[in-house]
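Novice: After the sequence you'll find the predicted model.
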Amino acid sequence: MMSGFTRNCGSAIAYGYMALCYAFIFLPVAVLVLFSFQGGDLPVPPFNGPSLRWYAAAFADSRLVDGFGNSLVVALLSSALSVVTGFLAAYGMARHEFPGKPALQAVIILPLAVSYLLVGMGLLVAASASGFRPGLWIVVIGHVVINMPLAFAICHAQLGEHQRKIELAARDLGASTIRVLLTITVPIIAPALIAAFCLCFTLSWDEFIIAFLNTRFDVTLPVVIWSLLRGGLNPVTNAAGSFIFLFSVVLIVAVEALLLRKRRS
């Protein structure tokens, strides 16, 4: 009797703690979304709405629209490059033995421990010393630097011994290295590649410091929102943030649907 009561109390505490954690995470997002429909001039209580006034203002603001497009381009390019380079590096590490392999793997993972501020300043100094102007392409390089180690770690964890045996069988049948990669390895670890791409995309999409230091006129959306917030609270930024949240949710749902379809097939 007592053990059942203790077990029920433990479950209640665990569920309550989980509920508090989810509330702590999602309450600011809920407030952001709620006051994006504010009909007044300030995104503060009392709520006056609902109204799509600030969504219309956000889509009519050329800075936000251009920033959204720039962020999308940077995130797509940097995520694709990060996944490709991370996968190839992981494949080389998992399938080959050579002197200095642990040291090289440590060097690949090292950017995870480096501050984004240092990466951004290093890129800015290097580009200036080389005579290049700040631009989005430098931001793409910076995001590859910080995201490729994540893609490497995810892919490396999925390249197990069972894939190696299948690859060896394909090689015995005359398949080339490229054919083995494209027709066997990539399809087998496709969920890991998709997960790595989504994680890199999310981190690139939200990144501010590297983008702020290495852009001047063509800026990403976080930089645009930061410039708007310098003038104080603005309901337009709430609308822009809510749209970004919706965009992220749609992306996650689409990826989950794709992975579910792959598992069923």
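Specialist: Good, I have the coordinates.
Novice: Please make it C-alpha for all contacts and neighbour counts, starting now.
Specialist: Noted.
Novice: excluding its backbone neighbours, what's nearest Pro105?
Specialist: Pro isn't right for residue 105; it's Gln. Counting by Cα to Cα, 6 or more residues apart in numbering, Gln105 lies nearest to Met93, which is 7.6 Å off, once chain neighbours are set aside.
Novice: residue contacts, that neighbour?
Specialist: Lys101, Gln105, His156 (Cα atoms under 8 Å, 6 or more residues apart in numbering).
Novice: Please determine how far it is located from Leu159.
Specialist: 10 Å (Cα to Cα, to the nearest Å).
Novice: Please identify the buried residues of the helix or strand harbouring Ser78?
Specialist: Taking DSSP states H and E as the definition, Ser78 sits inside helix 62-95. Residues of helix 62-95 classed as buried: 63-68, 70-91, 93-94 (neighbour count, 16 or more other Cα atoms under 10 Å).
Novice: Over to stretch 231-251?
Specialist: Those would be Asn234, Pro235, Val236, Thr237, Asn238, Ala239, Ala240, Gly241, Ser242, Phe243, Ile244, Ser248, for stretch 231-251 by 16+ other Cα under 10 Å.
Novice: And the contacts of that stretch?
Specialist: 29, 32-33, 35-38, 41-43, 54-55, 57-58, 64, 202, 225, 228-229.
Novice: Tell me which of these fall in helices.
Specialist: Secondary structure from DSSP state H places 29, 32-33, 35, 54-55, 57-58, 64, 202, 225, 228-229 of these in helices.
Novice: after the helix holding Ser78 comes which helix or strand?
Specialist: In N-to-C order, the element after helix 62-95 by DSSP H and E is helix 101-109.
Novice: so how far is the next helix or strand after that next one off the chain centroid?
Specialist: Sequence-wise, the next helix or strand downstream of helix 101-109 (DSSP H and E) is helix 116-129. In terms of Cα atoms, centre = their mean, to the nearest Å, the gap separating the centre of helix 116-129 from the centre of its chain is 21 Å.
Novice: packing partners for helix 116-129?
Specialist: helix 136-158, helix 209-213 (3 or more Cα pairs under 8 Å, 6 or more residues apart in numbering; DSSP states H and E).
Novice: re earlier: show the buried residues in the contacts of stretch 231-251.
Specialist: 32-33, 35-38, 42-43, 54-55, 57-58, 64, 202, 225, 228.
Novice: Among these, give me the pair with the biggest separation.
Specialist: Distances among those were taken as Cα to Cα; the most separated pair is Leu42 and Thr202, at 28.8 Å.
Novice: How about the contacts made by the spatially most central residue of the chain?
Specialist: The chain has Thr202 as the residue nearest its centroid, 2.0 Å off, counting by Cα atoms, centre = their mean. By Cα under 8 Å, 6+ apart, the contact list for Thr202 reads Ala75, Ser248.
Novice: Equivalent analysis for the one 10 residues further on, please.
Specialist: Neighbouring residues of Phe212 by Cα under 8 Å, 6+ apart: Val219, Val223.
Novice: I appreciate the help and will end here.
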